[in-house]
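In: How does the following fold in three dimensions:
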Amino acid sequence: MSTQIFNSIDAFLLAEQPAQTRFLAELVRQPSDNPPGDCAPHAELAERLLTGLALPVERHVPAIEPVREQGMISIVNLVVRHVFSDDGPVVALNAHGDVVPPGQGWTREPYGARIEQDPEHGAVMFGRGVAVSKSDFATYTWALLALKAAQRAGARLRGAIELHLTYDEEAGGVNGPAFLLDSGASRPDLAISAGFAYHVTTAHNGCLHLEVSVHGRQAHAAMPHTGVDALQAANDVMQALYAYRRTLGAATSAMTGIGSPSMTIGLIRGGINTNVVPDLVTFRLDRRLIPEESGPQAEEELLAVIAEAARACQPGIEVRTRRLLLAEPLVQLPGAAALIEPLQRHAQAVFGVEIPVHSVPLYTDARHYTQRGIPTVLYGAGPRTLMEARGHNADENLRLNDLYGATRVVAHTLADILRAD
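Out: Predicted coordinates:
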């Protein structure tokens with residue numbers, strides 16, 4: 001019976017490849033940059049496309065105040081549910097439609113969804129978000145459509161599939177997956193979150209973002225002694241933080257692919273004019289957490305370093321800190337084997353290569369599911385590595401054969417998990 005289901009799935013997906021490609025191209029052509037995070041127009045497009053596929057779409061809109069606190073303009077979360085039977089597991093498939101801005105260096109139109117033929121890999125689509133992770137809107141949608149088609153052909157399936165299509169991953173996911181789970185809109189038993197490589201990812205880093213503001217007093221540059229130089233004080237604080245960063249390499253995660261904790265000061269703003277003593281300098285830092293670390297503990301260490309450096313600054317300096325984001329690491333939960341084993345098995349069969357289980361040194365929305373006790377892994381459309389797809393880079397691209405292959409893998413895996421016979 002399993003062979004019949006898989007054959008039915010494969011025949012359906014092969015015939016649907018042109019439609020799946022058009023669906024992805026339309027999503028890529030609609031910008032959804034975050035920042036600025038005005039993502040409702042993309043969600044409305046996705047809703048129209050999904051409705052056109054005869055899929056029922058629920059809209060879940062968070063309150064505007066927390067959205068603005070997140071630094072965004074608009075979010076509409078979409079949920080598609082298909083219930084095969086009232087018994088059996090509910091599997092959520094989560095992908096995000098917000099993307100980082102294109103930046104410089106593109107040799108193709110970032111929103112063109114241009115398809116080029118590569119002599120080695122076949123058709124390749126270019127565009128911002130085509131790999132991270134609008135591709136998995138298409139992967140997961142067609143995996144669901146394939147199982148619906150198999151059910152119509154006589155396959156006995158149980159449980160349910162839900163698509164969670166959210167729009168704030170680049171800002172932390174608080175008003176996307178976390179909102180859906182905490183509001184009671186969904187209570188899945190298992191979850192697969194957007195992937196970007198052939199691997200099955202079971203763990204990843206966490207991340208802490210802090211904003212540090214250093215306040216002084218402005219003065220004419222011809223009489224600097226009459227002011228309090230916020231930039232000089234900020235430099236002293238940053239030097240203390242860089243000294244702290246040098247200590248982080250002493251710790252190494254036991255999980256392959258993670259490495260050591262890290263810290264980066266990535267954004268600095270300040271000053272009034274060239275001829276004015278700066279009265280305010282702000283900077284933001286990114287502290288990556290290995291799975292063995294605790295976010296609050298890492299934050300406490302950073303605040304202690306900053307406070308000690310502030311005490312050594314000249315009188316009149318005030319240093320304030322504000323947490324912008326705390327994303328705890330993703331860890332593998334008991335029960336994740338129900339996802340890992342079939343994903344590996346089917347991916348190896350489809351792609352003809354070994355599919356390792358590994359960890360990655362970044363953070364994703366998957367952690368929102370594991371933090372609520374839901375076994376979760378990352379798997380979706382992508383090449384062997386994220387860098388091959390140039391995710392978060394110029395000329396981001398996706399080999400369409402990888403999209404089609406990943407869709408088969410996800411559909412076969414869901415058929416294994418939900419098969420009633």
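In: The stretch 251-400 of the chain: strands as residue ranges?
Out: Here the stretch 251-400 of the chain has its strands, by DSSP state E, counting those that start in this stretch, at 262-270, 280-289, 318-327, 357-360, 376-378, 397-399.
In: Tell me which of these sits most buried.
Out: Of those, the one with the most neighbours on average (mean count of other Cβ atoms under 10 Å) is strand 376-378, at a mean of 29. All C-beta atoms are positioned from the backbone trio N, CA, C, and that covers glycine.
In: what about that strand, distance to the chain center?
Out: Computed by Cα atoms, centre = their mean, to the nearest Å, the chain-centroid distance of strand 376-378 equals 12 Å.
In: Over to stretch 116-132?
Out: 20 Å.
In: Dump the strands of the stretch 251-400 of the chain to a markdown table, plus distance to Gly405 and mean pLDDT.
Out: Formatted as a markdown table, the strands of the stretch 251-400 of the chain follow (distance: least, Cβ to Cβ, whole Å; pLDDT from 0 to 100):
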| stretch | distance to Gly405 | mean pLDDT |
| --- | --- | --- |
| strand 262-270 | 33 | 97 |
| strand 280-289 | 31 | 98 |
| strand 318-327 | 30 | 95 |
| strand 357-360 | 18 | 91 |
| strand 376-378 | 16 | 98 |
| strand 397-399 | 9 | 95 |
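In: which one of those strands lies closest to Gly206?
Out: Closest to Gly206 of the strands of the stretch 251-400 of the chain is strand 280-289 (Cβ to Cβ; 3.6 Å).
In: Paired strands for the closest one, with orientation please.
Out: Taking DSSP bridges as the criterion, strand 280-289 pairs within the sheet with strand 206-215 (antiparallel), strand 262-270 (antiparallel).
In: which parts of stretch 240-254 are buried?
Out: Ala240, Leu241, Tyr244, Arg245, Leu248, Ser253 (16 or more other Cβ atoms under 10 Å).
In: Which of the residues you listed sits closest to Ser213?
Out: Ranked by distance to Ser213 (Cβ to Cβ), the buried residues of stretch 240-254 are led by Leu241 at 14.2 Å.
In: check contacts around the nearest residue in space to Ala40 that is not next to it in sequence.
Out: Of all residues beyond its chain neighbours, the one nearest Ala40 is Ser74 (3.8 Å), with distances taken as Cβ to Cβ, 6 or more residues apart in numbering. For Ser74, the contact set (Cβ atoms under 8 Å, 6 or more residues apart in numbering) comprises Gly37, Asp38, Cys39, Ala40, Val67.
In: Phi and psi next, for the second one.
Out: Translated: Asp38. Main-chain dihedrals, Asp38, degrees, to the nearest 10: phi -100, psi 80.
In: residues in contact with it?
Out: Met72, Ile73, Ser74.
In: Tell me which stretches of the stretch 101-250 of the chain form strands.
Out: 114-118, 122-126, 160-166, 190-193, 200-204, 206-215.
In: Mean neighbour count added to the ones you listed, as JSON lines?
Out: Shown next, in JSON lines, are the strands of the stretch 101-250 of the chain (neighbours: other Cβ atoms under 10 Å):
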{"stretch": "strand 114-118", "mean neighbour count": "12"}
{"stretch": "strand 122-126", "mean neighbour count": "19"}
{"stretch": "strand 160-166", "mean neighbour count": "25"}
{"stretch": "strand 190-193", "mean neighbour count": "26"}
{"stretch": "strand 200-204", "mean neighbour count": "25"}
{"stretch": "strand 206-215", "mean neighbour count": "21"}
